[in-house]
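Novice: predicted model and sequence below, questions to follow.
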Amino acid sequence: MYTNAGFGTTGVMYGNGDGTFSSPSEYLVGGYPYGVALADINADSAIDAVIGNDGYSGVTTLLNSAAVRVTLSSSLNPAGTGDAVTFTATLGALSGVRNVPTGTITFKDGSTVLNTVALSNGEASLLTSSLAAGTHVISAAYSGDSSFMASSGFLTQFINQATAPSGYYVLSANPPSATIHPGESASFNLTVTPMNGFTGTVNFDCGTLASGLSCQFSPASVMIAAGQPAAAQLVVTASATALAYSMPAQHPGQQLPLWATFTGVMFGMAALDGMSQKKRRAMMISVAVLVILVAMVLLTGCGGAPHSNISQPQGASRTVQVVATTSTAAGHTTAQTLNVFVTLQQ
């Protein structure tokens, strides 16, 4: 260690452990330093330097940090209870020091020792998930080695009380669909499977149903406990007129009433009376053609294809929405839905 009066600095040359010294690291200490006294000023078992200055009425103290600083960091701050937190202690040598610190780091939560970890390339890490909710003063104490004095780093870690994860359940139906006729019923087996530790009561409802359908659950609610699935049965019933709600409106072809046909013929026959034989023959031919045309219309309809006033409806599909609700501990209601399908056949 030396003083440089011309530059107002004090220089420190750290040993390399092999009898040689590193390049000097200089520190400003005021004008014209000329004297150095060595003593353990702060009682940390490390020799410090006290420098007297010709241009300054006081003295300058240079505390010996053993050429190493301990920096402590947290991977998650704040964290929740049960979260995994990694504390990392990094030892950084001061400028001019080439040696890499060796030894161990002792991690503490207040006065409680968490673990002691060996340094690797100047670093040591500790993983823990056992910190309780609250404020924790975490320390990393460096043991020191032949080249470096012991040192410590600190940080404040905040742990918040984590909210317990909310469970949930999976709702399924077997079979997922069914085909019935008006006046019949279809049964669906419902299963409530708890996930992630879910417990509680699940209530069932069908919500809004299509016209002509009704539903019933047995039971209307199930209790989930001990991680075991629960079962219920859904019965969907179609009324006798359920299919009528799905039948399209019928539009029969416009047909000429039979009475109108005969009326036209009678008028035609009356018109023949009083006519000459030549005219009567021509009129009879015209009436005959008219009768044939009317008969064709009656047989084929206006569209030219056979027609029936009674339509045979195809299968009509209906969606039944199963609504499952449950109440949380905080009084909130959650719901999930499942669709089953019913096809109505004539």
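Specialist: Yep, it's here.
Novice: can you map out the helices along the protein?
Specialist: Using DSSP state H, the helices of the chain run over 258-272, 277-300.
Novice: pick out the shakiest of those helices, pLDDT-wise.
Specialist: Ranked by mean pLDDT, the helices of the chain end with helix 258-272 at the bottom, a mean of 50.
Novice: measure Tyr168 to Gly80 for me?
Specialist: 20 Å (C-beta to C-beta, to the nearest Å). All C-beta atoms are positioned from the backbone trio N, CA, C, and that covers glycine.
Novice: check Gln345 too.
Specialist: 57 Å.
Novice: give me the low-pLDDT residue ranges for the stretch 101-250 of the chain?
Specialist: Counting by pLDDT under 70, the stretch 101-250 of the chain contains low-confidence residues at 162-167, 245-250.
Novice: all strands of it, in order?
Specialist: 104-109, 112-118, 123-128, 134-142, 151-160, 168-174, 177-180, 185-195, 200-205, 213-218, 221-224, 230-238 (DSSP state E, counting those that start in this stretch).
Novice: buried set for the longest one?
Specialist: The neighbour-count check on strand 185-195 (16 or more other C-beta atoms under 10 Å) flags 186, 188, 190, 192, 194 as buried.
Novice: and which of these is nearest Asn121?
Specialist: For the buried residues of strand 185-195, the residue nearest Asn121 by C-beta to C-beta is Pro194; the value is 48.3 Å.
Novice: now do the contacts for the closest one.
Specialist: 167, 169, 224, 227-229 (C-beta atoms under 8 Å, 6 or more residues apart in numbering).
Novice: for those, which single residue is the most surrounded?
Specialist: Neighbour counts for those, by other C-beta atoms under 10 Å, peak at Tyr169, which reaches 22 neighbours.
Novice: which strand residues bridge that residue?
Specialist: Pro194 (DSSP bridges).
Novice: quick one, what contacts it?
Specialist: Counted by C-beta under 8 Å, 6+ apart, Tyr169 has contacts 192-195, 198, 202, 224, 324, 326, 336.
Novice: possible to save the residues you listed as JSON lines with distance to Ser111?
Specialist: As requested, the contacts of Tyr169 are exported to JSON lines (distance: C-beta to C-beta, whole Å):
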{"residue": "Val192", "distance to Ser111": "50"}
{"residue": "Thr193", "distance to Ser111": "48"}
{"residue": "Pro194", "distance to Ser111": "43"}
{"residue": "Met195", "distance to Ser111": "42"}
{"residue": "Phe198", "distance to Ser111": "41"}
{"residue": "Val202", "distance to Ser111": "49"}
{"residue": "Ile224", "distance to Ser111": "45"}
{"residue": "Ala324", "distance to Ser111": "52"}
{"residue": "Thr326", "distance to Ser111": "46"}
{"residue": "Gln336", "distance to Ser111": "50"}
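Novice: show me how this structure divides into domains.
Specialist: Following automatic domain parsing, one finds the domains of the chain at 2-62, 68-160, 168-246+314-344, 258-300.
Novice: can you give me the first-to-last residue distance of the longest one?
Specialist: Right, domain 168-246+314-344. Domain 168-246+314-344 has its terminal residues 34 Å apart, counting by C-alpha to C-alpha, to the nearest Å.
Novice: cool, the first one as well?
Specialist: Between the opening and closing residues of domain 2-62 there is a gap of 12 Å (C-alpha to C-alpha).
Novice: and the residue nearest to Asp109 when sequence neighbours are not counted, how far from Ala84?
Specialist: For Asp109, ignoring the flanking residues on the chain, the nearest one in space by C-beta to C-beta, 6 or more residues apart in numbering is His136 at 5.2 Å. From His136 over to Ala84 the distance is 15 Å, taken as C-beta to C-beta.
Novice: so for these two, which residue has more residues nearby?
Specialist: Using other C-beta under 10 Å, the more surrounded residue of His136 and Ala84 is His136, with 19 against 11.
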